[in-house]
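> Structure for this input, please:
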Amino acid sequence: MNLTAQQNQFLEEWIDFLKLPSISADPSYKNQVATTANWVKQALQKAGCLHTELIITQGHPIVYGELLVSKNLPTVLVYGHYDVQPPDPLDLWESPPFEPIIKKTNLHPDGAIFARGACDDKGQVFMHIKALEKMLESGPAPCNIKFMIEGEEEVGSIHLETFVKAHKEKLNCDVILISDTGMISNSQPSITTGLRGLSYMEVSVMGPNRDLHSGLYGGAVANPINVLCEMISKLKDENNRITIPDFYKDVEELSKQEREEMGKAPFSLENFKNAIGIADIKGEKGYSTEERRSIRPTLDVNGIWGGYIGEGAKTVIPSVAHAKISMRLVPHQDWHTISTLFTKHFTSLAPKGVKVSVHTHHGGYAYVTPIDHIGYQAAHKAYLETFKVAPIPHRGGGSIPIVPMFERELGVKSILMGFGLDSDAIHSPNEHFGLFNFFKGIETLPLFYTHYISLWKKERN
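As a prediction, this is how the structure comes out:
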């Protein structure tokens, strides 16, 4: 890719952004997170926001910016986050996570930046900032634009709802624009029209009052790790359906026609398996791989630990074992209800020789954007104009709990215009984001505003 002088400048600034270790989950990075927030504030000022501010919360700061052109025009609120996931395990990174490098790959022949946050979500946030800057080069903004960039998305946006409820007038808008999702491929864009909800749990199984010698006590007492594994294994049946009573009670079943429409999206099962290095797939009986990871609820163990895990051997029966378990939810499933059902069922699986505790970390609701919404239609036109291919509406498998919260508190829909790929390794070692995707985003996003204001005016005539 032959970059212009301006593109090279954007690239250098993006690299500077990625060097900042804004790890919200680790308290030792509090100062670096604050530094990153201030960096975003200055970037919004440079791009053309006439008012910017850092808003202090009980956690990490929220960066707010606005460019208001007329009370008679609609307002688009851009949401994103500047915090990133911890980079662990560090030994699996091919280059340091906060020392960005550009490398060419099969999927990114023009090059991709490798760094923590390259795609999720610093790269896509910076796309929006630079899209504003590019748009203003050719004239005034076609509508009012606001930015709300938070620093706690990777820890559940724990203070964002309080902020939104307290600042509804400040955040008043007609539609919310978010790039924290992806698309099918660089040749086939897609727009995420649905997100799954989430219920995130932590469980502990407690046995003896101390770690025990496995020779003296083995076979005579319940081993918490063994028990925990047995309990987890009972959470699904032979068809990989979740066994929690009433779990599926409110699950939305899509019609045959809707499933057929979803099936038109290009998908190669062999490429899917090869990309993640597996020999075969596994999931709920009766559904395709794409359906399993978008329109069906799931239950997965995200971490499990207990006993001795150091170098060498230590023959102990641990006193306690732990696991973190997440459930992805679909429309109409209430995450509070699911958390309660999980707690009741998991506790019931415990034998008498152990005690069990269950803690709900956080959760969120599923979300759907109708394709007849003018925001979706504007996004569709924008992708079509730059990619020369009509985007496909696509249900995403991930969760962004704040999206349904925005609709509940602000009364507006969110449009999810992602430019990343599933292969970008977000939350994993060697996260990256293609230069093609980054610059295509900067090219496409200004067109969203142009088409949105046109449709908005048409709707009112």
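
> In CSV, list the C-alpha atoms belonging to stretch 188-195.
Taking C-alpha atoms only, stretch 188-195 is exported to CSV below (Å, rounded to 0.1, in the frame of the first residue of the first chain):
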residue,chain,number,x,y,z
GLN,A,188,-17.5,-8.8,1.8
PRO,A,189,-18.4,-6.1,4.3
SER,A,190,-21.1,-6.7,6.8
ILE,A,191,-23.0,-4.7,9.4
THR,A,192,-23.6,-6.2,12.8
THR,A,193,-27.4,-6.1,13.5
GLY,A,194,-27.4,-8.2,16.6
LEU,A,195,-25.3,-8.8,19.7
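
> Helices of this structure, start to end?
5-18, 30-47, 122-137, 160-166, 214-217, 224-233, 256-262, 269-276, 289-292, 335-348, 374-387, 402-410, 435-460 (DSSP state H).

> Could you list every helix and strand in contact with the fifth one?
So that's helix 214-217. strand 316-317 (3 or more Cβ pairs under 8 Å, 6 or more residues apart in numbering; DSSP states H and E). C-betas here are computed from N, CA, C, even on glycine.

> list the helices and strands the strand it packs on packs on?
strand 212-213, helix 214-217.

> Quick one: distance of it to the chain centre.
Relative to its parent chain, strand 316-317 has a centroid offset of 38 Å by Cα atoms, centre = their mean, to the nearest Å.

> Run through the residues that contact the closest residue to P74 other than its chain neighbours.
Closest residue to P74 apart from its sequence neighbours, by Cβ to Cβ, 6 or more residues apart in numbering: D174 at 4.0 Å. Shown in contact with D174 (Cβ atoms under 8 Å, 6 or more residues apart in numbering): P74, T75, V76, V412, W456.

> related to what we said a few turns ago, of the helices of the chain, which approaches E154 most closely?
Closest to E154 of the helices of the chain is helix 30-47 (Cβ to Cβ; 10.5 Å).

> between the closest one and helix 5-18, how many degrees?
Here helix 30-47 runs at an angle of 160 degrees relative to helix 5-18 (axes from the mean of the first three to the mean of the last three Cα atoms, to 10 degrees).

> and helix 30-47, which residues are buried?
Using 16 or more other Cβ atoms under 10 Å as the burial criterion, the residues of helix 30-47 that qualify are Q32, V33, A34, T36, A37, W39, V40, K41, A43, L44, A47.

> ok, now stretch 12-28?
Of the residues in stretch 12-28, E13, W14, I15, F17, L18, L20, P21, S22, I23, S24 count as buried by neighbour count, 16+ other Cβ under 10 Å.

> before we move on, back to that, pull the most distant pair out of the buried residues of helix 30-47.
Q32 and A47 (22.5 Å).

> what residues are up against the closest residue to R210 other than its chain neighbours?
Counting by Cβ to Cβ, 6+ apart, R210 lies nearest to S319, which is 5.4 Å off, once chain neighbours are set aside. Applying Cβ under 8 Å, 6+ apart to S319 gives the contacts M206, G207, P208, N209, R210, D211, L212, P224.

> looking at the protein, which helix or strand is least sure?
When the helices and strands of the chain are scored by mean pLDDT, DSSP states H and E, helix 256-262 comes last with a mean of 80.

> Next, the buried residues of that one.
Result for helix 256-262 [16+ other Cβ under 10 Å]: buried residues M262.

> do stretch 139-156 as well
Those would be 141-156, for stretch 139-156 by 16+ other Cβ under 10 Å.

> next one: stretch 401-415
So for stretch 401-415, counting by 16+ other Cβ under 10 Å, buried means 401-407, 409-410, 412-415.

> now stretch 262-274
Neighbour counts using 16+ other Cβ under 10 Å place M262, A265 of stretch 262-274 among the buried residues.

> Stretch 235-253 now?
Applying 16+ other Cβ under 10 Å to stretch 235-253 flags L235, N240, R241, I242, I244, F247 as buried.

> In TSV: these, plus pLDDT.
Shown next, in TSV, are the buried residues of stretch 235-253 (pLDDT from 0 to 100):
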residue	pLDDT
L235	98
N240	98
R241	98
I242	98
I244	98
F247	98
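
> Number of residues surrounding K381?
For K381, the neighbour count with other Cβ atoms under 10 Å is 18.

> oh sorry, the question was meant for N106
N106 - counted by other Cβ under 10 Å - has 6 other residues nearby.

> Pull the contacting residues for H345.
H345 neighbours (Cβ under 8 Å, 6+ apart): L235, T243, I244, P245.

> separation between it and S428?
Counting by Cβ to Cβ, to the nearest Å, the gap from H345 to S428 is 31 Å.

> Kindly report the same for A313.
From A313 to S428 the distance is 30 Å (Cβ to Cβ).

> Looking at these two, which one has more neighbours?
The residue with more neighbours, out of A313 and S428, is S428; 13 against 7, by other Cβ under 10 Å.

> picking that back up, check the helices and strands packed on strand 316-317 for me and report the most buried one.
Mean neighbour count, computed with mean count of other Cβ atoms under 10 Å, is highest for strand 212-213 among the helices and strands packed on strand 316-317, reaching a mean of 14.

> Low-confidence regions, the stretch 151-300 of the chain specifically.
The stretch 151-300 of the chain contains no residues with pLDDT under 70.

> Could you rerun that using 90?
Residue ranges of the stretch 151-300 of the chain with pLDDT under 90: 156, 252-267, 271, 275.

> related to what we said a few turns ago, now the contacts of H345 as JSON lines including distance to N274?
Formatted as JSON lines, the contacts of H345 follow (distance: Cβ to Cβ, whole Å):
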{"residue": "L235", "distance to N274": "29"}
{"residue": "T243", "distance to N274": "32"}
{"residue": "I244", "distance to N274": "33"}
{"residue": "P245", "distance to N274": "38"}
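
> Out of the contacts of D174, which comes closest to F439?
For the contacts of D174, the residue nearest F439 by Cβ to Cβ is V76; the value is 21.1 Å.
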